[in-house]
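Colleague: I'd like to go over a predicted model; first the sequence, then the structure.
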Amino acid sequence: MIRIPPALKHRRFRMLWLGLMVSIAGSQMQIWAIFWHIRMLTDQPIALGVIGLVRILPIIAFSLVAGAVADVLDRRKVIFVTQGSMVLVAAALAWLTWSGHITLWHIYVLSALQAVMMAFDLPARQALVPNLLPARDLTSAFSSMSIAFQTGAIIGPALGGMVIAYWGQSYTYLINSISYLAVILALIRMGPVAQQLDPSHHIGVDFRAIRQGVHFILNHPIIFSSMLLDFFATFFSSANTLMPIFARDVLNVGAVEYGWLSSAQSIGAVIAALTVSQLGEIRRQGPLFLGAVVFFGLSTVLFGISRAFWLAMLALILIGASDSVSTIIRNTIRQLQTPDYIRGRMTSVNQIFFMGGPQLGEIEAGVVAQLFGAPLAIVSGGVGCILVVLWLGRRWPQLLRYNGDEPVVAGAPAN
């Protein structure tokens, strides 16, 4: 019998969780709609790869500052500003598309603006979660967050495919604009949230604060090695922007089937996250983490060699399930092993790794696809992912030995 995850018994976390599920559905609808939109504007794979570049450059430029902001300012208010700004970006995409004036450059510029907002949103949001519930429920919280993200990622692209087919491209952006209001409402109803300040009483968003965050990560091998693995695995195995090409030119399917392919990874991720949320304490987390990433690479290879719609769906479901397991474990490790006053900065550095990997990977996949075709780009990426796991497991054996019951650096306050 499925039971309610412990994290969802805490009111403030539950409100954020529900708001994010709605918002993520809209965001995922927009992301995959943009890929389809670009493919309709041009048949050049590199044009899809460029979207990864315009998303990662703002992350690199602003993440470290954003982490310091999340540790110095009220995290709840930071999220309120970022979510409100993304309402305006999505509305601009909708208006330009509806009016018929949109070009590739409009999509790139607005995507970059949204990435700036995301650079500030994610550190504040992830650092806020441990302030909403006790440390004992943190694994449950991140598995629940994964369920929210992946449920939204199922509903969004699947709905987006039908919206594009029957209503038009502009409505995907309009719906996303409205969806951000769910998080804004949750933040208003949540009320003030206490957070721990730097015990050194150093206050300010400056180089010293940023350096402190980087120094913390470099001196914690478990955290640093997990970030490296996250970066390189997703760099090689990221080919989501090639999905329109794979759907249209390899599988020969239309917009509705494309929507389901775009949702397939999230279907697997929800199944895996729901399973993890029902478990108690998980041990041998290091081997499980590394094994999940290897399976992620193998499933990517399977997807690359697929020529039937059902097999591609299966491979993508397996990709999503393995990625979900690794995501839950690595997020739990990082948050538990990081004191609250520096969580924003830790998350901001991590953001460069886990968002930089897939976004730069999209560029790499676009270049390889331009030269050798989409299937080879995907297969070679899966092989590269597996090789990275072998290298990192040998370079940082403590990651392989990590059990999950190691001493916690700082716990979250009781609810």
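Modeller: Looks like it came in fine. Keep in mind it's a predicted model, so treat the numbers as computed, not measured.
Colleague: can you pull the contacts of residue 173?
Modeller: Taking CB atoms under 8 Å, 6 or more residues apart in numbering as the criterion, residue 173 is in contact with 30, 33, 90-91, 93-94, 97. Using the backbone N, CA and C atoms, a C-beta is placed for each residue, glycine as well.
Colleague: What of residue 17?
Modeller: Contact analysis of residue 17 by CB under 8 Å, 6+ apart lists 7-8, 144-145, 148.
Colleague: Pick the one among those closest to residue 345.
Modeller: Lowest distance from residue 345 to those (CB to CB) belongs to residue 145, with 19.9 Å.
Colleague: That closest one touches residue 129, doesn't it?
Modeller: Yes. In this structure residue 145 lies within contact range of residue 129 using CB atoms under 8 Å: 7.0 Å.
Colleague: dump the residue contacts of residue 32.
Modeller: Here residue 32 is in contact with 156-157, 160-161, 243, 258-259, 262 (criterion: CB under 8 Å, 6+ apart).
Colleague: Find the helix or strand that it is a member of.
Modeller: Element membership for residue 32, per DSSP states H and E: helix 11-41.
Colleague: what's downstream of that helix, the next helix or strand?
Modeller: Later in the chain than helix 11-41, the nearest helix or strand by DSSP H and E is helix 45-72.
Colleague: gap between stretch 136-144 and the chain center?
Modeller: 17 Å (CA atoms, centre = their mean, to the nearest Å).
Colleague: what does stretch 143-151 give?
Modeller: Relative to its parent chain, stretch 143-151 has a centroid offset of 11 Å by CA atoms, centre = their mean.
Colleague: can you start the count at 131 instead of 1 from here on
Modeller: Okay, residue one is now 131; in that scheme the one you just asked about reads as stretch 273-281.
Colleague: Would you indicate which residues of it are buried?
Modeller: When neighbours are counted by 16 or more other CB atoms under 10 Å, the buried residues of stretch 273-281 are found to be 273-281.
Colleague: these two touch, right, residue 171 and residue 238?
Modeller: No. Because the distance of 11.2 Å does not satisfy CB under 8 Å, residue 171 is recorded as not touching residue 238.
Colleague: Which of these two has more residues huddled nearby?
Modeller: Neighbours were tallied for residue 171 and for residue 238 using other CB atoms under 10 Å; the higher tally belongs to residue 238 (18 against 13).
Colleague: Find the residue closest to that one in space, skipping its chain neighbours.
Modeller: Across the structure, with CB to CB, 6 or more residues apart in numbering as the measure, the residue nearest residue 238 apart from its sequence neighbours is residue 184 (4.7 Å).
Colleague: what about the helices in the stretch 431-545 of the chain?
Modeller: Taking DSSP state H, counting those that start in this stretch as the criterion, the stretch 431-545 of the chain carries its helices at 439-466, 473-502, 504-525, 527-531.
Colleague: Minimum distance to residue 178: which of the ones you listed has it?
Modeller: With CB to CB as the criterion, residue 178 lies closest to helix 473-502 of these, at 5.6 Å.
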